[in-house]
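I would like the atomic coordinates for the input below:
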Amino acid sequence: MTDAKLSPGILPCQAIDALIAQGAITSASPFDADQVQPASLDLRLGVRAWRVRASFLPGLGRKVVQRLEDVAMHELDLSKGAVLEKGCVYIAELQEALALPPGVAARANPKSSTGRVDVFVRLLTDHGAAFDDVAEGYGGPIYMEIAPQTFSILVRTGTRLNQLRLKRGEPPKLDLRSVGVDLTEGVAGFRARRHAGVIDMDKEDGHDPRDFWEPLVPRHGELLLDPGEFYILASKEAVEIPVLQAAEMTPIDPSVGEFRVHYAGFFDPGFGTEEAGGQGSRGVLEVRSHETPFLLEDGQTVARLVYEPLTEKPSRLYGEGGSHYQRQGLKLSKHFRPWG
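Predicted coordinates:
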């Protein structure tokens, strides 16, 4: 192994493939051909899920299944498909399990398509003291907390709602960039309808967006965010992730505004780059206002992108072989037919 591969950084797809080959990442069923992304691994729902009365962390010395005994209300069989209702919290087992080598840790995040339909998901591990973070050298099963916020969703065994980014050591922060919102003329965003139907999370281009979304036309470059509503907006600037880097959109801090932006924070190498055919791609922003109405202005900073190095150039880039979101502007999730 070269010195570059031993330096701190995010692991690219070929390193993830190597971990699978070594048995550091295993699965209850064969891995899908497109499951390994340029700098992340899609995770798949297993057979069982539980409706729980409250979210929880297992904490040191306790396993997830032990905590489930205290909070589970009933069990769901995902092999037959199941509707997860908005406003409820579920814990699902994942098909993948980990036996990470020393020096390798991981972090999970919702997939873009999950965040864009306002489904809040977080990863849990046995003995975990924090959501989404997988400790260095962790060995054991992994689970997902699923909390649909606006729409009820249909899922089944194999549905992919989140992704895992693996890292060696503590990658340095290479850059921090502010992301502004585009509120120029025409339809600049969408607001979710409160009483819509069920979204099938495995059905692409299968839903009429008008049944789920209301288009928004800002006035004078401003948009009033109502408390408790969910919005899809687009970044003012094009987003570009260099081929030797990966980025994460960080939740906004209170000093910027009374709202949260972007549940799905991972951007893979090659997103928005000329090399990968994605020049001009915008970041899609998932925005939820908190308790106070907030007047958003065109160009206002709403999020920040943190860039980190890869340990080596990935053998494939974002968008190679097809992508729903390369070269995107304002775009709803892949579950919906184009607006128009």
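
contacts, neighbours, all on C-alpha from now
Fine.

gap between the top strand by length along the chain and the chain center?
Counting by DSSP state E, the longest strand found in the chain is strand 40-52. On the basis of Cα atoms, centre = their mean, to the nearest Å, strand 40-52 sits 14 Å off its chain's mean C-alpha point.

partners of it, with directions?
strand 36-37 (antiparallel), strand 72-77 (antiparallel), strand 89-99 (antiparallel), strand 160-168 (antiparallel) (DSSP bridges).

I'd like the mean pLDDT over that strand, please.
Taken as a whole, strand 40-52 has a mean pLDDT of 98.

can I get the strands paired with strand 40-52 in a markdown table with mean neighbour count and distance to Asp17?
Below are the strands paired with strand 40-52 laid out as a markdown table (neighbours: other Cα atoms under 10 Å; distance: least, Cα to Cα, whole Å):
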| stretch | mean neighbour count | distance to Asp17 |
| --- | --- | --- |
| strand 36-37 | 22 | 7 |
| strand 72-77 | 14 | 30 |
| strand 89-99 | 22 | 13 |
| strand 160-168 | 24 | 12 |
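
Those strands into a markdown table, with extra columns for mean pLDDT?
Listed next are the strands paired with strand 40-52 as a markdown table, based on pLDDT from 0 to 100:
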| stretch | mean pLDDT |
| --- | --- |
| strand 36-37 | 94 |
| strand 72-77 | 96 |
| strand 89-99 | 98 |
| strand 160-168 | 97 |
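
Can you check which of those gets nearest to Gly270?
strand 36-37 (11.3 Å; Cα to Cα).

what's the distance between that closest one and the middle of its chain?
Distance, centroid of strand 36-37 to centroid of chain: 14 Å (Cα atoms, centre = their mean).

of the strands paired with strand 40-52, which approaches Leu317 most closely?
In terms of Cα to Cα, the element of these nearest to Leu317 is strand 36-37, at 8.3 Å.

any low-confidence regions in this protein?
1-5, 251-264, 276, 278, 320-328 (pLDDT under 70).

Now do the strands in the stretch 1-150 of the chain.
Counting by DSSP state E, counting those that start in this stretch, the stretch 1-150 of the chain has strands at residues 9-10, 25-27, 36-37, 40-52, 72-77, 82-84, 89-99, 104-110, 119-125, 133-134, 139-148.

ranking the ones you listed by burial, who's on top?
strand 9-10 (a mean of 27; mean count of other Cα atoms under 10 Å).

List the contacts of the closest residue to Val104 other than its chain neighbours.
Nearest non-adjacent residue to Val104, counting by Cα to Cα, 6 or more residues apart in numbering: Arg168, 4.7 Å away. Counting by Cα atoms under 8 Å, 6 or more residues apart in numbering, Arg168 makes contact with 6-11, 103-105.

Using a markdown table, lay out those together with distance to Asp211.
Shown next, in a markdown table, are those (distance: Cα to Cα, whole Å):
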| residue | distance to Asp211 |
| --- | --- |
| Leu6 | 50 |
| Ser7 | 49 |
| Pro8 | 46 |
| Gly9 | 43 |
| Ile10 | 39 |
| Leu11 | 40 |
| Gly103 | 48 |
| Val104 | 44 |
| Ala105 | 41 |
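
which one of those residues is nearest Thr250?
Distance to Thr250, by Cα to Cα, is smallest for Ile10 among the contacts of Arg168, at 16.5 Å.

I am assuming that closest one contacts Pro171, so please confirm or correct that.
Yes: applying Cα atoms under 8 Å as the test, Ile10 and Pro171 come out as touching, 7.0 Å apart.

shared neighbours, those two?
With Cα under 8 Å, 6+ apart as the test, Ile10 and Pro171 both reach 308-309.

Need the outlier residue of this structure, farthest from its centre.
His220 (32.0 Å; Cα atoms, centre = their mean).

which ones are touching that one?
Contacts of His220 by Cα under 8 Å, 6+ apart: none found.

Phi, psi for it please.
phi 60, psi 30 (degrees, to the nearest 10).

Pull up the gap between it and Gln245, please.
Separation of His220 from Gln245 (Cα to Cα, to the nearest Å) stands at 37 Å.

Equivalent analysis for Thr292, please.
Taken as Cα to Cα, the span from Thr292 to Gln245 is 36 Å.

Which one's more surrounded, these two?
Gln245 (23 against 13; other Cα atoms under 10 Å).

Quick one: end-to-end distance for stretch 159-173.
32 Å.

Is there a neighbour count for Gln279? I'd like the number.
Neighbours of Gln279 (other Cα under 10 Å): 18.

in what helix or strand does it lie?
For Gln279, there is no host helix or strand (DSSP states H and E).

Pretty sure it sits against Glu240.
Yes: between Gln279 and Glu240 there is a contact at 7.5 Å, judged by Cα under 8 Å.

what is in contact with these two at once?
By Cα under 8 Å, 6+ apart, the residues touching both Gln279 and Glu240 are 272-273.

Sweet, I'm off.
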